[in-house]
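J.: coordinates only, sequence not included:
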């Protein structure tokens, strides 16, 4: 290495250090909505610096494939980011996770090909990280595509189960381990490596199909973590520290979000991944069906009068609200109430929506100020002092059975204590049970009134009625 | 082997930094956190650039091209969609259209 290339390499390494630092500062600024946007920009600048520095690398001699890839990928990325609906954000993140994992796997595959061609003779450590990178990347790719298909309803959202499912998955996993040992210990063997890659791709599919739609927030968080770990593994393959740092940050992020989601559903990670929750719920539904009685219906007119006499209202939005595209109508209702001096807050359950924090984004899109959005822990004790709790399209996250009925499948799940409010008004399309297929005794409570119908139409009617009630 | 140990050090420390940083992100921002951190994991782009640019033969270049496309979608799409989300978060007062 002459002095010139040495200086260049040092420059590139310093640029990578700057990039890694910017990633850390960027994520740090995500701690508050006021600074978050600048944090994201810092991350993007870090990425740009890392890319530009890499292009200086002497190993890179041809630029046409790079340029073509950047243009094609960039155009697709811009189009996706512009066109995606906020309700479809979980699918978007799933696809992006998958692509990140796929890119990591491809880089490692090429590294193996170099080894197979005799261009490099990697040590055991590099061979191990090549395999880790390929396996994790491939599982992330196909797993994310299945998650996407489920969320996009291209395939059933229910858990797909069949006989000997776990045994089959275990055998595939053992096959991967065996082929990994052959790859690391023996001579270069392209066939073994090809089969290994194929098995990892299949494993990604099989691991996600038995997971029900309601558990998708956990799966997406977990795949997010995998995509980070895959990038870090690629960093070990290439001995590139910025990949290791960035990958580790994202891996940690995904794991934390996974834990939060599991806790919010009171499920263990193993139960989510292997439990096939949502495959059949007849037992659970039957167990609580006996508790049901008569529901009390209410009209929009009476609801408007009730609301106009309240001094505090808490709105509990669920995914049903987003399905009905009624976020703007909720905001209109809140404005109408606030104009009358009524305090309006929103209580957001951690799993409201299809991914962590999803409901907050949907409400922000509808111009709801973020200082009105309250996390479950911050607002739960206030329900007892609240006149009206307005439940819109939420079901399982307000089911008191989670506190009281040890036989319920959701027993132990932290819920919003809406049942403690003086009056609970539930906007609901019909009496069908929610996403998890569990009966909800909240609907039969003495202080609960049901306002049946499409959430959007009900809210529009409410706003109209409120305008008719004198201030 | 020494290089590997240093790399593992860096990995472990970065994981701790990640845990510290991410536990401070409030629930309200978890979706942008996810899409933003996801864009950062597109850092595999760097590896993809090297594969696509070192001209090791047609197969290698095709693999590299595919990797660059996937990683670029991940990076560009991730950062842009995160920005689109974050610009919607407004306080009372700023939020009135």
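T.: Arrived safely. Since we're looking at a predicted model, the values are computed, not measured.

J.: for the spatially most central residue of chain A, helix, strand, or coil?
T.: The structure's chain A has its C-alpha centroid closest to residue A:355; by C-alpha atoms, centre = their mean the separation is 3.3 Å. Three-state call for residue A:355 (DSSP: H, G, I helix; E, B strand; the rest coil): coil.

J.: Residue A:219 against residue A:211, yeah?
T.: Yes: the criterion here is C-beta atoms under 8 Å, and residue A:219 meets it with residue A:211 at 5.5 Å. In short, each C-beta sits where N, CA and C put it, glycine included.

J.: any common contacting residues for the two?
T.: Taking C-beta atoms under 8 Å, 6 or more residues apart in numbering or on different chains as the criterion, residue A:219 and residue A:211 both touch residue A:272.

J.: what helix or strand does the residue most central in space within chain B sit in?
T.: Geometric centre of chain B, nearest residue: residue B:40, 1.3 Å, by C-alpha atoms, centre = their mean. Per DSSP states H and E: residue B:40 is located in helix B:30-41.

J.: gap between that helix and the chain center?
T.: For helix B:30-41, the separation from the chain centroid amounts to 7 Å (computed by C-alpha atoms, centre = their mean, to the nearest Å).

J.: Kindly report the same for stretch A:38-58.
T.: Distance, stretch centre to chain centre, for stretch A:38-58: 26 Å (C-alpha atoms, centre = their mean).

J.: Could you list the buried residues of it?
T.: Judged by neighbour count (16 or more other C-beta atoms under 10 Å in any protein chain shown), stretch A:38-58 contains these buried residues: A:39-47, A:49-51, A:53-54, A:57.

J.: Touching it from outside, list them.
T.: So stretch A:38-58 is contacted by A:5, A:8, A:11-12, A:15-16, A:18-23, A:25-30, A:60, A:63, A:66, A:242, B:32, B:36, B:39-40, B:42-43, B:45-46, B:49-50, B:53, B:75, B:79, B:82-83, B:86 (C-beta under 8 Å, 6+ apart).

J.: The stretch 251-400 of chain A against chain B: which residues are in contact?
T.: A:251-254, A:256-257, A:260, A:348, A:350, A:355-358, A:360-361, A:364-365, A:367-373, A:375 (C-beta under 8 Å from any C-beta of the partner chain).

J.: re the thing from before, may I have the residues that are in contact with the residue nearest to the centre of chain B?
T.: Per C-beta under 8 Å, 6+ apart, neighbours of residue B:40: A:23, A:26, A:27, A:43, A:46, A:47, A:246, A:249, A:250, B:78.

J.: now with 10 Å?
T.: Shown in contact with residue B:40 (C-beta atoms under 10 Å, 6 or more residues apart in numbering or on different chains): A:19-20, A:22-24, A:26-27, A:40, A:43-44, A:46-47, A:100, A:227-228, A:231, A:245-247, A:249-250, A:253, B:74-75, B:78-79.

J.: Are any of those residues buried, and if so which?
T.: Judged by 16+ other C-beta under 10 Å, buried ones among those: A:19-20, A:22-24, A:26-27, A:40, A:43-44, A:46-47, A:100, A:227-228, A:231, A:245-247, A:249-250, A:253, B:74-75, B:78-79.

J.: Show me what the closest residue to residue A:418 other than its chain neighbours is bridged to.
T.: In this structure, residue A:418 finds its nearest non-sequential neighbour in residue A:389, 4.1 Å apart by C-beta to C-beta, 6 or more residues apart in numbering or on different chains. When assigned by DSSP bridges, residue A:389 has beta-bridge partners residue A:314, residue A:424.

J.: Could you check how many residues crowd around residue A:389?
T.: 28 (other C-beta atoms under 10 Å in any protein chain shown).

J.: Against chain B, how distant is it?
T.: 20 Å (C-beta to the nearest C-beta, to the nearest Å).

J.: Who are the contact partners of that residue?
T.: Residue A:389 neighbours (C-beta under 10 Å, 6+ apart): A:312-316, A:347, A:382-383, A:398, A:416-426, A:442, A:447-448.

J.: can you do 8 Å?
T.: A:313, A:314, A:316, A:347, A:383, A:418, A:421, A:423, A:424, A:425.

J.: Kindly give the local confidence score, pLDDT, for residue 42.
T.: In the absence of a named chain, this looks at chain A. pLDDT for residue A:42: 97.

J.: think we crossed wires, I meant chain B
T.: Note on residue B:42: pLDDT of 94.

J.: How many neighbouring residues does it have?
T.: 32.

J.: Check whether it really touches residue B:74, as I assumed.
T.: Yes: using C-beta under 8 Å, residue B:42 makes contact with residue B:74 at a distance of 3.5 Å.

J.: Mind jotting down where the helices sit in the stretch 301-450 of chain A?
T.: A:319-323, A:327-339, A:358-365, A:376-379, A:401-404 (DSSP state H, counting those that start in this stretch).

J.: Stretch A:61-73 vs chain B: in contact?
T.: Yes: counting by C-beta under 8 Å from any C-beta, contacts between stretch A:61-73 and chain B involve A:61, A:62, A:63, A:65, A:66, A:68, A:69, A:70, A:72, A:73.

J.: got the contact list for the fourth one?
T.: Residues near residue A:65 by C-beta under 8 Å, 6+ apart: B:52, B:53, B:61, B:64, B:65, B:68.

J.: What sits closest to the first one if chain neighbours are left out?
T.: Spatial nearest neighbour of residue B:52, excluding adjacent residues (C-beta to C-beta, 6+ apart): residue B:64 at 3.0 Å.

J.: and that neighbour, backbone torsions?
T.: Per-residue torsions, residue B:64: phi -60, psi -40 (degrees, to the nearest 10).

J.: Tell me where the stretch 251-400 of chain A has strands.
T.: For the stretch 251-400 of chain A, the strands defined by DSSP state E, counting those that start in this stretch cover A:312-317, A:343-348, A:373-375, A:388-392.

J.: Which residues outside the third one are in contact with it?
T.: Just to be clear, that refers to strand A:373-375. Against strand A:373-375 from outside (C-beta under 8 Å, 6+ apart): A:345, A:346, A:347, A:348, A:350, A:360, A:363, B:26, B:27, B:28.

J.: For these, work out which two are farthest apart.
T.: Largest separation among the contacts of strand A:373-375 by C-beta to C-beta: A:345 and A:350, giving 16.6 Å.

J.: Which one's more surrounded, the two?
T.: Higher neighbour count among residue A:345 and residue A:350: residue A:350, with 23 against 19, using other C-beta under 10 Å.

J.: I figured that one hits residue A:356, correct?
T.: Yes: counting by C-beta under 8 Å, residue A:356 is a contact partner of residue A:350 at 6.8 Å.

J.: Can you work out which residues contact both of those two?
T.: Common contacts of residue A:350 and residue A:356 (C-beta under 8 Å, 6+ apart): A:260, A:261, B:27.
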